[in-house]
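1. Only the shape, not the letters, is given here:
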């Protein structure tokens, strides 16, 4: 009996001795700080993403502060795309549209504002002050707003936009876009402006992001 009580007492002391470090934090801090650090890392990542998004939106807004005209983003090394830019320049004597290559910092900023990767060259883009249009929607919106153009172009563009489903239009656009270099080739240097002095102010320089 006396031996039994002695064993019970020793066991109780051993249990208390093991539990004490848990109460005093000798073991618990190994888990506590890890959780706090994990939370901090998560919050830090989220905060960084929010800051980057805010910075992108702020930079994009600068492009429309002094000039509210829409900006057409095009593949600066694509001959077909540059031909389309020349057509718009000739058919838009009032200067309703501005231009920037997708490869420029202006282009990358406006792509990110629209939720796209900054190196996404898959689509012609029409960037307006508050929203952006892509693929066939962008092309038809530009065509329907050209002051001068082929007879019936505005009507045809409006009809195509209203009557042809978007997935059909974009499917045709994707086929042409995927083969644009094969159809008309590409240039070695990205287009950043126009040789004709009268169109110089129609191309948005990267410096506009800093103004």
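-> Received it, and whenever you're ready, just let me know what you need. Note that the structure is a prediction, hence the values are computed from the model and not measured.
2. Where do the helices of this protein begin and end?
-> Along the chain, counting by DSSP state H, helices occupy 2-24, 32-62, 79-91, 105-113, 135-143, 153-163, 166-178, 180-184.
3. Now do the third one, average pLDDT.
-> By that I understand helix 79-91. In this model, helix 79-91 has a mean pLDDT of 91.
4. Can you give the contact residues for that helix?
-> 72, 74-76, 97, 99, 124, 142, 146-149, 180, 183-187, 191, 194, 199, 202 (CB atoms under 8 Å, 6 or more residues apart in numbering). No exception for glycine: its C-beta is placed from N, CA and C like everyone else's.
5. That one vs helix 166-178, what angle?
-> 110 degrees (axes from the mean of the first three to the mean of the last three CA atoms, to 10 degrees).
6. now helix 79-91 against helix 135-143, angle please.
-> Using the same axes, to 10 degrees: helix 79-91 against helix 135-143 is 20 degrees.
7. Check which residues of helix 79-91 are buried.
-> Buried residues in helix 79-91, counted by 16 or more other CB atoms under 10 Å: 79, 80, 81, 82, 84, 85, 88, 89, 91.
8. gap between it and the chain center?
-> Put simply, helix 79-91 sits 24 Å off its chain's centre (CA atoms, centre = their mean, to the nearest Å).
9. how big is the angle separating it from helix 153-163?
-> 120 degrees.
10. now the fourth one
-> For helix 105-113 against helix 153-163, the angle by the same axes, to 10 degrees is 30 degrees.
11. Now do helix 105-113: everything it contacts.
-> 56-57, 59-60, 63, 71, 73, 100-102, 117-120, 125, 127, 132, 204-206, 208-209.
12. List only buried entries from these.
-> 56, 59-60, 63, 71, 73, 100-102, 125, 127, 132, 204-205, 208-209.
13. Give me the below-cutoff pLDDT ranges for this protein.
-> Low-confidence segments of the chain (pLDDT under 70): 1-46, 148-151, 195-196.
14. which residue is nearest the centroid of it?
-> residue 112 (2.0 Å; CA atoms, centre = their mean).
15. quick one: that one from residue 171, how far?
-> Look at residue 112 and residue 171: by CB to CB, to the nearest Å, they are 26 Å apart.
16. and residue 166, how many residues sit next to it?
-> The burial count assigned to residue 166 is 12, neighbours taken as other CB atoms under 10 Å.
17. Noted, bye for now.
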